[in-house]
Every structure is written in C-alpha cells, then in structure tokens.
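A.B. asks: starting from these lines, generate the structure:
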Amino acid sequence: MRVLSKFPKLAFLLCGLIIVMAAVSVSVFHFPVAIGVDRQLPIYSVDTSEKKVAISFDASWGNEHTKPILEILKEHQVKTTFFLVSLWVDKYPDDVAEIAKNGHEIGNHSSTHPDMAKLSEEQMKEELSDLAGKVEKITGSRPVLFRPPFGSYNNNVIETCEKEGYHVIQWDVDSLDWKNISTNQIVERVTRNVKPGSIVLFHNNAEHVEEYLPIILDRLQEDGYKIVPVGEIIYQKGYHIDHAGKQVLEQSGKVKRDAEESKSSVTE
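C.D. replies: Predicted coordinates:
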C-alpha cells in the first residue's frame, strides 16, 4: 500500500485494470462478480447430489432443425426446455404447439431479443408480457422461467423478472454449438464439463445438432444421468444463490425434501 501511495498513477492504473477485467468477465464470459455492490445472480446451476442435469435450447432464429430435435428427444425419452422469443413464435406457431404437445417446457427469452440490462423496468415488462401472452395463446400456459438474451443481466433485470413471477436462468455448460466448431468438439465440451445440477445451453438451429445431440444424450444416460427440464431441476423456494450462481437449498428445505423422498420410497 505504501508503494501505491508513492505512485498514484500506478494505483489508478491498477484500479482501472480491475474494473475492466470485471466488466469483461460479466459481458463476455458471463462470470458472476460483485464489486462494491450486492450483485444479484441468476441460476447458473443447482447444488444437488442427484445425477440430474437439465438441457435447454434457445430458439430465436430458424426452425430447420426443430422437428429432428423433437424426434431425437422422443427416441431418448427426454424432456427439456425451449426458451423462445416472440419473433420465433410468430414465425413458427406450429412448432411452438408441437414442443408443448411433446411435453417440453417453454421458457421466456424475451419478445425482441434485446439487451435487457439496457432497458427500463417498463420496457422489460413489455418484453416479458408480449412473449408470455403469445405462448399462452398457443399452449394455454404462461412461462415461469426467463433466460436473458446474450446472457446479459443486472440487478434491475433480476428484480423485475422475479416481480413478474419468473426464475432467471443462465447456464454453467455452454455447448458453443452456435460457433463453427465440430460435432466432436461440442460433444467433448458438454460431456467433460457437465456435473450433477448442471444446466446446458444449446440452440435449436445449430448446424450439427442432429449429429451431436444423440451422442450427448447417449453418453449422459450411459453415465447414469437423468435429463430433465430446467423447471424440474431448480428449487422453487427455500434456497439461496451462492457467489458462483449455484442455487443451494436451505437446510430446512433440504430436511423437508429428504423426508418427502424417504416417505415416497417407502410407499413405492
């Protein structure tokens, strides 16, 4: 500290570097950090000892691969979550109906795919409401999960979404299937990084999805993982989110859940 006090320019540069690194970690890598504020976090993953993992698909452009995805999921007896935007819903209402008909969960990915962190609270509410109304009109149900476009969020985004009845969802395993990488690279990224409680990010119109998806599902199931929608892996209440964005069940909730599971196993 004495050294820095003698060289104020050096101290200023170091502080600036720390701020820049923090900003990059949030905006580019989506790492949760907090500097001098009580930064609220979405759910990146879930703390669980069960071998359960949730996979999800963001749908904001194209539908060429949607029907093959649904067929692959059906063959593997897997239910998952599709995060939709209004532009996609307007273009492909039959696909929305088919997703719901097949028992998959539909999440809110906004109306126009904006950077939600740059919007006012009223604009955010409009983005949420527009998509939710369109999905409800087709499926009869409103989404209760929200994934911010670009993974961009701040406290205002999370607080607004929660007031509107949403759990805000990120991911801890990014397949990078939207990039020009091979099937083997995607399979390796997902299967190497997945762990109990992971939420995996895919895209419905990724180029190699018909190739990588069955391989990944096979490997996860062979490894003993149960693959579920996001809404089935997260805790609905009685939890906190740690510094890494992991949803952790409070001890009282854990005791209650363990008792319910024990009772269920006896009756079965």
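
A.B. asks: so which bits of stretch 43-52 are buried?
C.D. replies: Ile43, Tyr44, Ser45, Val46, Asp47, Thr48, Lys52 (16 or more other C-beta atoms under 10 Å). Every C-beta, even on glycine, is put in place using the N, C-alpha and C of the backbone.

A.B. asks: pull the CA atoms of that stretch into PDB?
C.D. replies: Extracted in PDB, the C-alpha atoms of stretch 43-52 (Å, rounded to 0.1, in the frame of the first residue of the first chain):
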ATOM      1  CA  ILE A  43     -29.400 -19.500 -11.600                       C
ATOM      2  CA  TYR A  44     -26.400 -21.000 -13.300                       C
ATOM      3  CA  SER A  45     -26.600 -24.400 -11.800                       C
ATOM      4  CA  VAL A  46     -28.100 -26.300  -8.900                       C
ATOM      5  CA  ASP A  47     -26.500 -27.800  -5.900                       C
ATOM      6  CA  THR A  48     -27.600 -31.500  -5.800                       C
ATOM      7  CA  SER A  49     -26.100 -34.900  -5.100                       C
ATOM      8  CA  GLU A  50     -28.500 -36.500  -7.600                       C
ATOM      9  CA  LYS A  51     -27.200 -37.300 -11.100                       C
ATOM     10  CA  LYS A  52     -29.600 -34.900 -12.700                       C
END
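
A.B. asks: who touches that stretch?
C.D. replies: The contact list for stretch 43-52 (C-beta atoms under 8 Å, 6 or more residues apart in numbering) reads 32, 167-172, 195-199, 223-228, 232-235, 241-242, 244-249.

A.B. asks: out of those residues, which end up buried?
C.D. replies: 32, 167-172, 196-199, 225, 227-228, 233-235, 241, 245-249.

A.B. asks: what helices or strands is whatever helix or strand Ile69 lives in leaning on?
C.D. replies: In this structure, Ile69 sits in helix 66-75 according to DSSP states H and E. With contacts taken as 3 or more C-beta pairs under 8 Å, 6 or more residues apart in numbering; DSSP states H and E, helix 66-75 sits against helix 93-101, helix 209-222.

A.B. asks: hmm, 10 Å instead?
C.D. replies: strand 52-59, strand 81-84, helix 93-101, helix 209-222 (3 or more C-beta pairs under 10 Å, 6 or more residues apart in numbering; DSSP states H and E).

A.B. asks: out of these, flag the one nearest Tyr153.
C.D. replies: Among those, the nearest to Tyr153 by C-beta to C-beta is strand 81-84 (13.9 Å).

A.B. asks: parallel or antiparallel, which strands does that closest one pair with?
C.D. replies: Taking DSSP bridges as the criterion, strand 81-84 sits next to strand 52-59 (parallel), strand 105-108 (parallel) in its sheet.

A.B. asks: for those, which one sits closest to Glu188?
C.D. replies: strand 52-59 (16.0 Å).

A.B. asks: any idea of the mean pLDDT for the closest one?
C.D. replies: Strand 52-59 shows an average pLDDT of 98 in the prediction.

A.B. asks: what is the burial count for Glu211?
C.D. replies: Neighbour count for Glu211, taken as other C-beta atoms under 10 Å: 15.

A.B. asks: contacts only, for the residue lying closest to it once chain neighbours are set aside.
C.D. replies: Nearest-residue entry for Glu211: Thr183, 4.3 Å, with adjacent residues in sequence omitted and distances by C-beta to C-beta, 6 or more residues apart in numbering. Applying C-beta atoms under 10 Å, 6 or more residues apart in numbering, we find Thr183 in contact with Asp177, Glu207, His208, Val209, Glu210, Glu211, Tyr212, Leu213, Ile215, Ile216.

A.B. asks: how close does Thr183 sit to Asp223?
C.D. replies: The spacing between Thr183 and Asp223, counted by C-beta to C-beta, to the nearest Å, is 19 Å.

A.B. asks: ditto for Glu159
C.D. replies: Distance from Glu159 to Asp223, by C-beta to C-beta: 38 Å.

A.B. asks: ok, now His113?
C.D. replies: Per C-beta to C-beta, His113 is found 34 Å from Asp223.
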